[in-house]
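*Asks:* Sharing a model prediction with you, sequence too.
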There are 2 protein chains.
Amino acid sequence: MPPSSTVENYLKEVYLGVGRLPAGETLLPMGQLAVALGVAPGTATTMVKALAESGLVDYEPYNGVRLTAAGMRLATTVLRRHRLMELFLVQVMGMRWDEVHDDAEHLEHVVSDRLIERIDEMLGHPETDPHGDPIPNPDGAIRERHFETLLTCPIGAQVVVARVSDQDPAFLRFVERHGLKPGQSVTVDGRDEAADAVHLHGPGGAAFTLGARAASKLLVDVAPASSVAAGVTRATGPDEEPRR
Amino acid sequence: MPPSSTVENYLKEVYLGVGRLPAGETLLPMGQLAVALGVAPGTATTMVKALAESGLVDYEPYNGVRLTAAGMRLATTVLRRHRLMELFLVQVMGMRWDEVHDDAEHLEHVVSDRLIERIDEMLGHPETDPHGDPIPNPDGAIRERHFETLLTCPIGAQVVVARVSDQDPAFLRFVERHGLKPGQSVTVDGRDEAADAVHLHGPGGAAFTLGARAASKLLVDVAPASSVAAGVTRATGPDEEPRR
DNA sequence: GTTGTAATTTTGATTAGTCAAAATTCCATG
DNA sequence: CATGGAATTTTGACTAATCAAAATTACAAC
């Protein structure tokens, strides 16, 4: 029997949650998992115990949860379906990048392997989704690159936005309006600790300011040199293109 | 809260089941519903009582079930999603018509209104899906035309296949191999009651034979006049009789 | 060390959907 | 009009997923 949507969601959130943990830590606290899934804490505990029973996660009572190899496999295939779906909805269906998340959230649990591979092919085996999130390959391998954020990157140097780690439509529209989509360039002019603000300007010269919270959600590539895909280095294109 | 997939499936099967009833009857026996859904008889009874409670069906104990206006509304929107999805998978995704049913079966419960209307638009507001089944319009109206079958149509006259009422992939491939997809022409040469067989030939002259069971699944248009010449019914063709 | 608080787990209940098997009802046939 | 199947409904039980609230545990601060 295939895993339920619920199981897939738990595994996906464990994966994403562990990824958000401070460097070094690998156990996701149950509370964070419960919040991410929008369920009561007790519900998460019960479910995680069942997942541990079926060998999909390691569970340490009072400490947290982490994926096993089997759980990782499943989590990344769900992520693959989600991210390919988002890119498909933008690229093929012509939807806006700020409105595809909810659809993808549902579709990720029902698209068949056949269909998702068809989509992958149609998109030219893309590396990242519209938010810059990496798309795992068919057997679950995923290359998570490390990026600076607009809060930590060097001041004065032109950097390229690589990834936007927030799905809120309003935020995404803001990002788009200010030319901060993945592939576009910006320069940090300075930071004001007291005001909790980051000042920047785009290639066109337009200057504006971001709160620290927002700045930390914009992951940037400080050395957009050879290693970065050709399609991602363009400064102002509204759309990114799949490579190959 | 939105109706569950289960509820949507029950309503869809009631709609389809009632449609398969002998002329005049409007109450679908619980047994048939249970078989169509692949559940135990008692399960169907319990569920249908709940649906009646929420005003989606009329339920007459021991007699059967039928849709209310509200239930009809929901059933046809599910059918709309299913059929548009099937056509989309064939037309846009390049899948074969015999392999899209299962995907559509799942997708019909999760695609958003926004996405399905986007698909409808992309397909040019089609009237029928790849099997010739009519696609309800956004507010649930559906024009069910009446067709003969290869078992009942006149002998010797060239007719046009309008609809194939079986989703079995093997059967669909057979239909395709013999040029019997919706829009294609055939002529019935004769019928053999004893042998349970129907003899026919295509426009190219190739003659072959069908069992009665198979022949009854091929609905044909005996007067493929102006509106259906191209093989697909046009958007604003002459209206037939209303259903009910 | 004790203790207070926050995080976590346990407990007891609920809802949706399901099944197997027993009980009931319908109805055609004699 | 009695009756024996067939169809249907009822009953009792089960699973997955959830919640609220009580109980427990961990741990930092005193």
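*Replies:* Noted; the coordinates are in hand. Every value quoted in this text rests on a predicted model; they were computed, and no experiment measured them.

*Asks:* Show me which residues of chain A are close to DNA strand C?
*Replies:* A:29-32, A:41-42, A:44-46, A:48-49, A:59, A:61-62, A:64 (CB under 7 Å from any atom of the strand). To be clear about C-beta, it is placed using only N, CA and C from the backbone, and glycine gets the same treatment.

*Asks:* Assess the claim that A:S112 and B:D103 are in contact.
*Replies:* Yes. Using CB atoms under 8 Å, A:S112 is in contact with B:D103, at 5.3 Å.

*Asks:* Of these two, give the one with the bigger neighbour count.
*Replies:* B:D103 (20 against 15; other CB atoms under 10 Å in any protein chain shown).

*Asks:* after the helix or strand the more buried one falls within, next one along is what?
*Replies:* In this structure, B:D103 sits in helix B:101-107 according to DSSP states H and E. The first helix or strand that comes after helix B:101-107 along the chain, using DSSP H and E, is helix B:113-122.

*Asks:* gap between that following helix and the chain center?
*Replies:* Chain-centre distance of helix B:113-122: 21 Å, with CA atoms, centre = their mean, to the nearest Å.

*Asks:* List the buried residues for it?
*Replies:* By 16 or more other CB atoms under 10 Å in any protein chain shown, the buried positions in helix B:113-122 come out as B:L115, B:I116, B:R118, B:I119, B:D120.

*Asks:* and if you look at stretch A:176-183?
*Replies:* So, applying 16+ other CB under 10 Å, buried residues of stretch A:176-183: A:E176, A:H178, A:G179, A:L180, A:K181, A:P182, A:G183.

*Asks:* now stretch A:86-104
*Replies:* Across stretch A:86-104, burial judged by 16+ other CB under 10 Å covers A:86-91, A:93, A:95, A:97-101, A:103-104.

*Asks:* ok, now stretch A:126-134?
*Replies:* A:P126, A:E127, A:T128, A:D129, A:P130, A:H131, A:G132, A:D133, A:P134.

*Asks:* In contact with the residue nearest to A:A212 when sequence neighbours are not counted: list those residues for me.
*Replies:* Computed as CB to CB, 6 or more residues apart in numbering or on different chains, the closest residue to A:A212 that is not its neighbour in sequence is A:D196, at 4.7 Å. Listed by CB atoms under 8 Å, 6 or more residues apart in numbering or on different chains, the contact partners of A:D196 are A:G211, A:A212, A:R213.

*Asks:* Look up which residues are beta-bridged to the first one.
*Replies:* According to DSSP bridges, A:A197 are recorded as the beta-bridge partners of A:G211.

*Asks:* That one - how many residues pack around it?
*Replies:* A:G211 has 12 nearby residues by other CB under 10 Å.

*Asks:* go on, the second one?
*Replies:* The number of residues packed near A:A212 is 16, by other CB under 10 Å.

*Asks:* Correct me if wrong: it contacts A:A195.
*Replies:* No. Applying CB under 8 Å as the test, A:A212 and A:A195 come out as separate, 9.0 Å apart.

*Asks:* For A:G190, which non-adjacent residue is spatially closest?
*Replies:* Nearest residue to A:G190, sequence neighbours excluded (CB to CB, 6+ apart): A:H199, at 5.0 Å.

*Asks:* cool, A:T43 as well?
*Replies:* A:A34 (6.9 Å).

*Asks:* The one you found belongs to a strand?
*Replies:* No. Read with DSSP: H, G, I helix; E, B strand; the rest coil, A:A34 is helix and lies in no strand.

*Asks:* Now do the contacts for it.
*Replies:* A:A40, A:P41, A:T43, A:A44.

*Asks:* quick one, phi/psi of A:V65?
*Replies:* phi -140, psi 150 (degrees, to the nearest 10).

*Asks:* same thing with the one 5 residues further on?
*Replies:* Listed backbone geometry of A:A70 is phi -60, psi -40, with angles given as degrees, to the nearest 10.

*Asks:* That one reaches A:A52, doesn't it?
*Replies:* No. With contact defined as CB under 8 Å, A:A70 does not reach A:A52; the gap is 11.4 Å.
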